[in-house]
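A structural model of the following input is requested.
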Amino acid sequence: MHPITDALPDSLCFLDGSYAPLRDTKVSVLDRGFIFGDGVYEVVPVYGGVPFCFEEHMARLDRSLGELRIANPLTHGQWHAIAMRLVEASPPSERAAVQAIYIQVTRGVAPREHAMVQGLVPTVFIMLNPMKPVSDAARAKGVACVSAHDFRWQKAHIKSTSLLGAVLARQISVEAGAAETIMFRGDWLSEASSSNVWVVKDGAVYGPPKDELVLAGIRYGLIERICAEAGIPFSLRRIARDEVFGADELLLSSASKEVLPVVTLDGQSIGNGRPGPIFQTLHAGYQRAIERSAQEQGVPA
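Predicted coordinates for the structure are as follows:
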């Protein structure tokens with residue numbers, strides 16, 4: 001056995017109506033998620049036991065399932081109740097830190113056939129993992145990224161379990177010793193392997209439009225709200241490659257990264273090569289949003 005396999009966690013998870021230790025949970029090899037990647041997923045950050053932007057994640061889950069013509073098997077309330085049972089069953093030390101709720105729905109189990117089989121019972125899986133936060137040093141100094149051609153499919157707006165393109169894209173930056181792979185379709189910015197990308201120029205924040213070429217992260221709406229609160233101009237439009245390399249600041253956003261400054265791309269400095277004032281404002285606003293979320297859910301900040 002590989003040492004990673006030997007170290008699989010025994011934390012509680014949920015599969016098709018039952019709770020069991022994660023390392024003992026099994027799915028049929030004929031599940032269409034295993035055979036075809038015919039499913040979708042969501043990752044919801046949890047701060048101090050409190051899910052963050054849960055309804056926004058549920059709305060995106062609904063959209064992704066709709067694209068695959070799979071009816072959501074649970075209500076938002078049922079998803080939340082299962083997630084909270086897993087949170088409450090986790091060790092206090094993990095619950096006090098940052099965790100991630102992983103939700104996956106596939107079309108279900110059927111004989112291998114490409115056509116969408118009607119009437120299947122979707123496979124429903126939820127697990128909870130500790131989420132490794134970005135280090136204070138990385139956030140203070142910024143990170144290096146590399147660029148690549150976006151070779152993925154044309155429906156990147158679906159949060160599909162078919163993540164081979166993202167795996168290959170992320171490996172490019174791993175082998176380069178970089179934090180992320182920022183991708184371009186032709187001369188136009190799309191996104192990174194597992195992050196959205198933001199360009200700051202002359203005090204304004206720009207992001208690629210919400211279309212089929214980009215998975216619009218939950219932070220799309222959150223960053224727009226933070227910008228509005230801070231009086232920072234915000235807009236979505238196509239962004240050319242030279243605008244990315246010529247940005248005053250370049251930022252990544254995701255559930256695990258929150259907001260993270262990029263200070264070099266392909267070895268070239270972005271702006272003055274240090275995290276800038278817009279990043280500082282967005283990062284502070286993000287932390288306030290986490291505090292507000294906890295207060296709204298009745299948890300002391």
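
all helices of the stretch 151-300 of the chain, in order?
If you assign secondary structure with DSSP state H, counting those that start in this stretch, the helices in the stretch 151-300 of the chain sit at 164-176, 219-230, 241-245, 277-296.

Now render those as CSV, adding distance to residue 209.
C-beta here means a position set from N, CA and C on the backbone, and glycine is covered the same way. Output for the helices of the stretch 151-300 of the chain, formatted as CSV (distance: least, CB to CB, whole Å):
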stretch, distance to residue 209
helix 164-176, 20
helix 219-230, 10
helix 241-245, 14
helix 277-296, 20
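
would JSON lines of those helices with mean pLDDT and distance to residue 264 be doable?
Written out in JSON lines, the entries for those read as follows (pLDDT from 0 to 100; distance: least, CB to CB, whole Å):
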{"stretch": "helix 164-176", "mean pLDDT": "97", "distance to residue 264": "11"}
{"stretch": "helix 219-230", "mean pLDDT": "96", "distance to residue 264": "22"}
{"stretch": "helix 241-245", "mean pLDDT": "98", "distance to residue 264": "10"}
{"stretch": "helix 277-296", "mean pLDDT": "94", "distance to residue 264": "14"}
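
Just want the phi and psi numbers for the residue sitting furthest away from the middle of the chain.
Computed with CA atoms, centre = their mean, the maximum C-alpha offset from the centroid of the chain is found at residue 111, amounting to 31.2 Å. Here the main-chain torsion angles of residue 111 (degrees, to the nearest 10) amount to phi -60, psi 150.

thinking it is in contact with residue 30, fair?
Yes - look at residue 111 against residue 30 with CB atoms under 8 Å: they come within range, at 6.8 Å.

To residue 146, which of the helices of the stretch 151-300 of the chain lies closest?
When the helices of the stretch 151-300 of the chain are compared by CB to CB, helix 164-176 sits nearest residue 146, at 4.7 Å.

what's that closest one in contact with?
Applying CB atoms under 8 Å, 6 or more residues apart in numbering, the set of residues contacting helix 164-176 from outside is 37, 145-146, 148, 150-153, 179-181, 183, 192-194.

Could you do stretch 63-73 as well?
Looking at what lies outside stretch 63-73 - CB under 8 Å, 6+ apart - the contacts are 38-40, 42, 61-62, 105, 107, 116, 121-122, 124, 155, 157-160.

re earlier: filter the contacts of helix 164-176 down to the ones in strands?
Those of these mapping onto strands are 145, 146, 148, 180, 181, 183, 192, per DSSP state E.

Would you mind measuring from the fourth one to residue 59?
This means residue 180. Between residue 180 and residue 59 the distance is 25 Å, computed by CB to CB, to the nearest Å.

Report the buried members of the contacts of stretch 63-73.
Neighbour-count burial (16 or more other CB atoms under 10 Å) is assigned, among the contacts of stretch 63-73, to 38-40, 42, 61, 105, 107, 122, 124, 157-160.

from those, which two are the most distant?
124 and 157 (22.3 Å).

Near the residue nearest to residue 192 when sequence neighbours are not counted, how many other residues are there?
For residue 192, ignoring the flanking residues on the chain, the nearest one in space by CB to CB, 6 or more residues apart in numbering is residue 180 at 4.4 Å. By other CB atoms under 10 Å, the residues close to residue 180 number 27.

I'd say residue 180 and residue 191 touch.
No - using CB under 8 Å, residue 180 and residue 191 do not qualify as a contacting pair, with a distance of 9.7 Å.

which residues are in contact with both of the two?
In contact with both residue 180 and residue 191: no residue, using CB under 8 Å, 6+ apart.

Out of the buried ones among the contacts of stretch 63-73, flag the one nearest to residue 202.
Of all the buried ones among the contacts of stretch 63-73, residue 157 has the smallest distance to residue 202: 29.0 Å, by CB to CB.

wait, what's in contact with that closest one?
Residues in contact with residue 157 (CB under 8 Å, 6+ apart) are 67, 210, 211, 212, 213, 214, 215, 216.

Any buried residues in the helix or strand where the first one lies, and which?
Right, residue 67. In this assignment (DSSP states H and E), residue 67 forms part of helix 54-68. If you call a residue buried by 16+ other CB under 10 Å, then helix 54-68 has these buried ones: 54, 56, 57, 58, 60, 61, 64, 65, 68.
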